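# Return atomic coordinates for the entry below.
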Amino acid sequence: MRPNPESSDEGYVAYIQKERSEMETFMKRGAGSPFLQDTLSFDSLKFFPADIRYRIKAKLKPIEGKKVVILSTSDGKEQKYLEYAFAEFELDGVQNQLLILEVMETGPQRGKLFLAFSDETSGRETYGAGRYLDVKKVPAAKTVELDFNLAYNPYCAYNDKYSCPFPPKENLLKVAIRAGEMSYHP
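Now for the predicted structure:
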């Protein structure tokens, strides 16, 4: 259960720790874990300390005349998405804008939102090809919560047999997001 914005810092940190613990458990034994697919050894995930300042309420800027966006993937293929909206926010005195995409593929993911980004930590402290952030679709919303403490690596960060889309050029941030999952090094 997500804490509400008025909850205490301690409650929020406990929530983030619970989410991370569930992610660790899934990676160790979950049926869809990238470690179980190839019997890769799992060490542990590494995270930045939870920091409430990276839980951001961003302005949602609708896109008129939405276009299809084609993202290159880690295995040289392409995936198609539909533009959804821009999320605008300020962090460390820098104005930022991220393109949120909508999944077009048929199946259970169709219509879900997808946000891939890279930042000044990419390739140093975090996975070089960027990280992902789940975004909840709320019809007619004017704002969106971007909780970077929940940013995670794509499966290709652990196992190169996965096909992972790279962030669109619009989502290459010029700030350091020291939140969420760090690089995985077994």
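# residue ranges of the helices in this protein, please?
In the chain, the segments counted as helices under DSSP state H are 9-29, 34-37.
# So which of those is nearest Leu99?
With CB to CB, the closest approach to Leu99 among the helices of the chain belongs to helix 9-29: 24.5 Å. Placement of C-beta: from N, CA and C, glycine included.
# re the thing from before, mind putting the helices of the chain into a markdown table with mean pLDDT, mean neighbour count and distance to Tyr54?
Supplementary listing: those in a markdown table, determined by pLDDT from 0 to 100; neighbours: other CB atoms under 10 Å; distance: least, CB to CB, whole Å:
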| stretch | mean pLDDT | mean neighbour count | distance to Tyr54 |
| --- | --- | --- | --- |
| helix 9-29 | 93 | 14 | 10 |
| helix 34-37 | 80 | 17 | 25 |
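# do you know which of the ones you listed lies nearest Glu125?
In terms of CB to CB, the element of the helices of the chain nearest to Glu125 is helix 9-29, at 16.5 Å.
# name the helices or strands packed onto the closest one?
Applying 3 or more CB pairs under 8 Å, 6 or more residues apart in numbering; DSSP states H and E, one finds that helix 9-29 contacts helix 34-37.
# Give the other helices and strands that the helix it packs on contacts.
Checking 3+ CB pairs under 8 Å, 6+ apart, helix 34-37 ends up next to helix 9-29.
# How about Ser118, nearest residue that isn't a chain neighbour?
Excluding its sequence neighbours, the residue lying closest to Ser118 (CB to CB, 6 or more residues apart in numbering) is Gly130, at 3.8 Å.
# do you know how far the one you found is from Lys169?
11 Å (CB to CB, to the nearest Å).
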